[in-house]
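*Asks:* Generate coordinates for the sequence data below:
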Amino acid sequence: MSVEVPEHETTSTANNWEPRNLIHALVLMLATFGGVYICYLLAIPFLSALTWALVLAILFASVHQAIEARLKRPNLSATISVLVVALIIVVPATFVAERLISEAAKGAIVIQAQVEGGAWRRAIDAHPWIAPIDRWIEQQINLPAIFGNVASWLTNTGASFVRGSVVQLLGVVFTFYLLFYFLRDRRIALEALRNLSPLSHAEMDRLFRQIVDTVHATIYGTVVVAGVQGALGGLMFWWLGLPTPLLWGLVMALLAVVPVLGAFMVWIPAAIFLALDGSWGKAIILVSWGALVVGTIDNLLYPMLVGNRLKLHTVPAFISLVGGLALFGPAGIVLGPMAITTTLMLLDVWRTRIAEPKD
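*Replies:* Just a heads-up that it's a prediction; the model follows:
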């Protein structure tokens with residue numbers, strides 16, 4: 001029994017393989033890749049603003065939905081939501097930034113005074129039993145040069161922050177400008193992504209959930225917990241009368257973001273210096289506070305803030321955070337983990353499709 005194929009279908013199938021059609025397909029593919037690459041280059045200067053606008057849109061989605069449900073007006077709802085987010089984020093950040101500039105200048109003065117006055121040398125000389133260790137450290141590391149560089153870095157950081165304040169302000173304004181549209185047009189954007197993606201709607205929904213979980217786990221489980229650790233460490237520095245507690249609290253928070261590092265890299269040397277200076281009581285209090293409170297608070301807060309959401313293993317978490325920061329700058333703290341988790345999800349999609357039985 002033979003099946004007749006309509007002549008126009010046969011002709012159409014054959015024409016698909018003609019050289020002219022193949023050339024057209026190749027040109028279209030190259031033009032598409034070229035357009036995507038140009039769009040990537042255009043977006044690079046705004047990558048930080050785009051990232052943080054997306055993060056804020058995800059974190060404050062429930063707040064915006066509540067406002068939108070009450071007002072029933074998308075433009076007004078998005079405007080009010082942006083103002084609420086700005087009030088929560090910008091006002092405290094501005095106050096902290098101003099204080100940090102002052103703390104950086106004071107920290108530079110304190111470090112320079114310690115180096116030039118030889119306070120660290122006198123503290124070591126008062127304990128002859130550590131003289132061999134001191135000599136070995138001096139052979140390996142130039143401590144005065146390091147302290148001097150730290151002082152210069154603190155001074156330059158404060159100055160560069162002031163010089164870049166206009167650029168920082170423009171970046172913040174653009175972030176909230178994008179946030180308005182991310183909140184107002186989120187449904188349209190998500191539907192457009194579903195239609196453009198080669199993934200099924202179920203797979204796209206899974207991808208969206210993965211991105212939301214990654215943002216929540218990164219911000220709440222990493223940034224907020226690290227901020228709490230830095231705040232607790234800085235509070236103890238202030239209570240013990242150590243210099244520039246806000247600055248060292250910020251340093252501890254930044255170190256706590258990286259999985260392998262931690263706030264202990266600040267409070268342990270500070271405790272050692274207090275002990276060498278004869279302040280054994282303060283040193284014991286600082287060590288106890290750092291080990292029992294600062295070092296363990298993440299084990300209490302992470303389950304409360306993140307729950308059953310995403311939690312990466314230490315190795316990929318380290319690679320995603322450090323590699324993301326190196327590749328994307330501050331936005332990499334979100335983009336790094338997002339890239340890792342999204343790639344793992346896509347690999348799982350491939351695994352599932354390959355494992356599906358063929359009909």
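*Asks:* do you know how far Gly171 is from Thr341?
*Replies:* Gly171 sits 26 Å away from Thr341, taking CB to CB, to the nearest Å as the criterion. Every C-beta, even on glycine, is put in place using the N, C-alpha and C of the backbone.
*Asks:* Pick out whichever of those two has more residues nearby.
*Replies:* Thr341 (21 against 15; other CB atoms under 10 Å).
*Asks:* my guess is that one meets Thr214, correct?
*Replies:* Yes. Judged on CB atoms under 8 Å, Thr341 makes contact with Thr214 at a distance of 4.7 Å.
*Asks:* Run through the chain and note the low-pLDDT ranges.
*Replies:* Applying pLDDT under 70 to the chain flags the ranges 1-19, 98, 101-167, 307-312, 356-359.
*Asks:* Okay, domains of it per the record?
*Replies:* 48-183, 201-359 (automatic domain parsing).
*Asks:* Strands of the stretch 151-300 of the chain, residue ranges please.
*Replies:* For the stretch 151-300 of the chain, applying DSSP state E, counting those that start in this stretch gives no strands.
*Asks:* now the helices for it?
*Replies:* For the stretch 151-300 of the chain, the helices defined by DSSP state H, counting those that start in this stretch occupy 165-184, 186-196, 201-218, 225-239, 245-257, 264-276, 280-289, 297-306.
*Asks:* what's in contact with the longest one?
*Replies:* What it means is helix 165-184. 46, 48-50, 52-54, 56-57, 60-61, 64, 74-75, 77-79, 81-82, 85-86, 90, 161, 189 (CB atoms under 8 Å, 6 or more residues apart in numbering).
*Asks:* and what of the fifth one?
*Replies:* In this structure, residues lying in contact with helix 245-257 by CB under 8 Å, 6+ apart are 96, 99-100, 103-104, 106-107, 154, 222-223, 225-227, 229-231, 233-235, 237-238, 242, 261-263, 265-267, 270, 294, 298, 321, 333.
*Asks:* For Ala326, give me its contacts.
*Replies:* Gly332.
*Asks:* Mind telling me what element it is part of?
*Replies:* Assigned by DSSP states H and E, Ala326 belongs to helix 314-328.
*Asks:* Next one: Leu54 from Ser48, what distance?
*Replies:* Distance from Leu54 to Ser48, by CB to CB: 11 Å.
*Asks:* Also Gly221?
*Replies:* 21 Å.
*Asks:* Comparing these two, which shows the higher neighbour count?
*Replies:* Using other CB under 10 Å as the criterion, Gly221 and Ser48 rank with Gly221 on top: 24 against 18.
*Asks:* I'd say the more buried one and Val306 touch.
*Replies:* Yes. Counting by CB under 8 Å, Gly221 touches Val306, with 4.2 Å between them.
*Asks:* Can you give the distance of stretch 266-286 from its chain's centre?
*Replies:* Here stretch 266-286 is found 31 Å from its chain centre; the criterion is CA atoms, centre = their mean, to the nearest Å.
*Asks:* in what helix or strand does Gln65 lie?
*Replies:* Going by DSSP H and E, Gln65 is part of helix 61-71.
*Asks:* and the angle for that helix with helix 186-196?
*Replies:* Orientation check (axes from the mean of the first three to the mean of the last three CA atoms, to 10 degrees): helix 61-71 against helix 186-196 gives 120 degrees.
*Asks:* List the buried residues of helix 61-71.
*Replies:* Within helix 61-71, the residues scored as buried using 16 or more other CB atoms under 10 Å are 64, 67-68.
*Asks:* what does it rub up against?
*Replies:* Against helix 61-71 from outside (CB under 8 Å, 6+ apart): 57, 74, 77-78, 80-81, 84-85, 183, 186.
*Asks:* Run a quick neighbour tally on Leu235.
*Replies:* 16.
*Asks:* ah, wrong one, I meant Leu347
*Replies:* 10.
*Asks:* do the one 4 residues further on as well
*Replies:* For Arg351, the number of neighbouring residues by other CB under 10 Å comes to 10.
*Asks:* Check which helix or strand it maps to.
*Replies:* helix 332-355.
*Asks:* Remind me what that helix packs against, helices and strands.
*Replies:* helix 47-59, helix 201-218, helix 314-328 (3 or more CB pairs under 8 Å, 6 or more residues apart in numbering; DSSP states H and E).
*Asks:* Mean neighbour count, those: which tops it?
*Replies:* helix 47-59 (a mean of 20; mean count of other CB atoms under 10 Å).
*Asks:* just checking, what packs against that one?
*Replies:* Checking 3+ CB pairs under 8 Å, 6+ apart, helix 47-59 ends up next to helix 165-184, helix 201-218, helix 314-328, helix 332-355.
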